[in-house]
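Enquirer: need a structure here:
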Amino acid sequence: MKAKRIFLIVLDSFGIGAMPDAAAFGDEGSNTLAAVAGTGRLHVPNMAKLGLFHIDGTEAAARLMEDFGEKVRMDRADGTYARLAEASKGKDTTTGHWEIAGLVSEKPMPVFPDGFPPEVIEPFMKATGRGVLCNRPYSGTQVIRDYGVEHMETGNLIVYTSADSVFQIAAHESVVPPETLYEYCKEARKILTGPYAVGRVIARPFEGTSPKNFRRTSRRHDFSLRPPGETMLDLLSVYGLDVIGVGKISDIFAGRGLTQSFRTTDNIDGMDKTSMIARMDFTGLCFVNLVDFDMLYGHRNDAAGYADALSAFDWWLGGFITRMRKDDILMITADHGCDPSTPSTDHSREYVPLLICGDRIEKGRNLGTWSSFAAVSEIILNYFFRRNEW
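Expert: Numbering: from 1, shown residues only. As a prediction, this is how the structure comes out:
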């Protein structure tokens with residue numbers, strides 16, 4: 001059998017329009033794609049060629065692009081394309097990626113809009129030997145400005161959450177070295193079970209000398225719940241295929257099902273590592289997460305920065321496609337939205353795109369709207385196990 005390789009790239013938070021139930025999540029009218037298209041800075045000719053603006057529901061974004069002189073709709077796209085709805089009860093990174101891998105979360109993960117209860121905080125303080133500051137929903141950049149000095153003076157840990165199912169711990173690297181912070185996160189992960197089983201415990205190291213120059217470093221690390229069921233990654237690896245994770249894929253799946261993993265510092269590093277893996281000989285899946293869209297731009301309501309980051313990805317994409325091997329397949333999707341134009345800085349309940357290209361892929365095929373992100377795993381597993389042709 002010829003080596004089959006699929007490169008699956010998740011543009012973290014790249015939603016393309018509110019789902020019908022978005023109002024129930026406080027996200028009515030959200031549209032990440034339209035928000036960045038409206039900046040006049042978005043230039044994505046390669047994704048447009050693959051069919052991004054042929055996808056159902058992207059007409060408004062296409063008109064915005066054309067208002068700025070960008071021709072984004074061709075007679076026929078170069079790829080196959082679809083719009084995916086989320087079936088899971090959530091809009092966070094963990095449930096989104098799990099669903100992409102075939103595991104739908106029927107119940108939402110717990111959130112803590114009033115902070116974590118004593119049943120969580122007290123054993124956490126006992127396990128770490130440190131006190132806790134904040135303990136409520138907060139912006140990740142603002143929380144270190146407001147509590148960073150007190151943290152450095154007392155050694156107490158900054159614990160905070162968000163609208164997502166997360167327990168985040170911020171600490172200055174000179175007070176708590178990152179490796180120690182990771183150990184504290186592991187202790188929190190042990191405590192956060194049952195009704196307190198948040199999707200992720202996140203280490204948020206920072207540096208700087210004052211609130212004016214405090215900044216988070218690249219040594220973030222996520223500690224996720226283990227997936228409660230079998231995923232595409234498990235099936236591929238069990239049958240001897242390579243499953244290579246890039247970025248925070250290993251964190252999201254608690255390392256399960258991966259045969260190799262590469263951590264990244266930012267989008268550029270993620271794209272560089274994906275290019276490196278494309279030069280390797282392997283058979284199976286390369287699963288990539290590019291997190292900057294969400295972490296640096298969506299959550300900070302920076303629509304212009306988001307547009308620039310998508311444009312940079314698209315420029316890289318053009319070169320990557322030309323270097324794909326004859327039997328390679330590329331799939332591009334997302335895990336949720338994070339509309340940078342709304343008052344909220346949280347994730348948004350949106351449809352996500354699916355773009356597929358390669359020599360085996362039919363050009364100009366619209367797969368319509370699918371009812372689950374799990375369509376991605378269905379397509380991938382079908383390709384590897386059921387058919388020799390796409």
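
Enquirer: which secondary structure element contains R256?
Expert: Assigned by DSSP states H and E, R256 falls within no helix or strand.

Enquirer: go on, Y160?
Expert: In the assignment (DSSP H and E), Y160 maps to strand 157-161.

Enquirer: before we move on, what about Y147?
Expert: helix 140-154.

Enquirer: Which strands and helices lie in contact with that helix?
Expert: For helix 140-154, the packing partners by 3 or more CB pairs under 8 Å, 6 or more residues apart in numbering; DSSP states H and E come out as strand 132-137, strand 157-161, strand 166-172, strand 200-207, strand 215-216. In this view, the C-beta of every residue, glycine as well, is placed from N, C-alpha and C.

Enquirer: okay, the angle between the first one and strand 166-172?
Expert: When you say that, I think you mean strand 132-137. On the basis of axes from the mean of the first three to the mean of the last three CA atoms, to 10 degrees, strand 132-137 is oriented at 140 degrees to strand 166-172.

Enquirer: Please save the CA atoms from strand 132-137 in CSV.
Expert: What follows is strand 132-137, C-alpha atoms only, in CSV (Å, rounded to 0.1, in the frame of the first residue of the first chain):
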residue,chain,number,x,y,z
VAL,A,132,-4.8,31.6,46.3
LEU,A,133,-5.5,35.0,44.8
CYS,A,134,-8.5,36.1,42.6
ASN,A,135,-10.5,32.9,42.2
ARG,A,136,-13.1,34.2,39.8
PRO,A,137,-13.6,34.7,36.0
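
Enquirer: Quick one: work out the angle between it and helix 140-154.
Expert: Here strand 132-137 runs at an angle of 160 degrees relative to helix 140-154 (the same axes, to 10 degrees).

Enquirer: The nearest residue to L241 once chain neighbours are set aside bridge partners, please.
Expert: Leaving out its chain neighbours, the residue that sits closest to L241 by CB to CB, 6 or more residues apart in numbering is G284, at 3.5 Å. On the basis of DSSP bridges, G284 is bridged to R5, D242.

Enquirer: ok so, going back, in the helix holding Y147, what counts as buried?
Expert: Using 16 or more other CB atoms under 10 Å as the test for burial, helix 140-154 gives G140, V143, I144, R145, Y147, G148, H151, M152.

Enquirer: Off-centre distance for it?
Expert: Relative to its parent chain, helix 140-154 has a centroid offset of 26 Å by CA atoms, centre = their mean, to the nearest Å.

Enquirer: Nice, that's everything, thank you.
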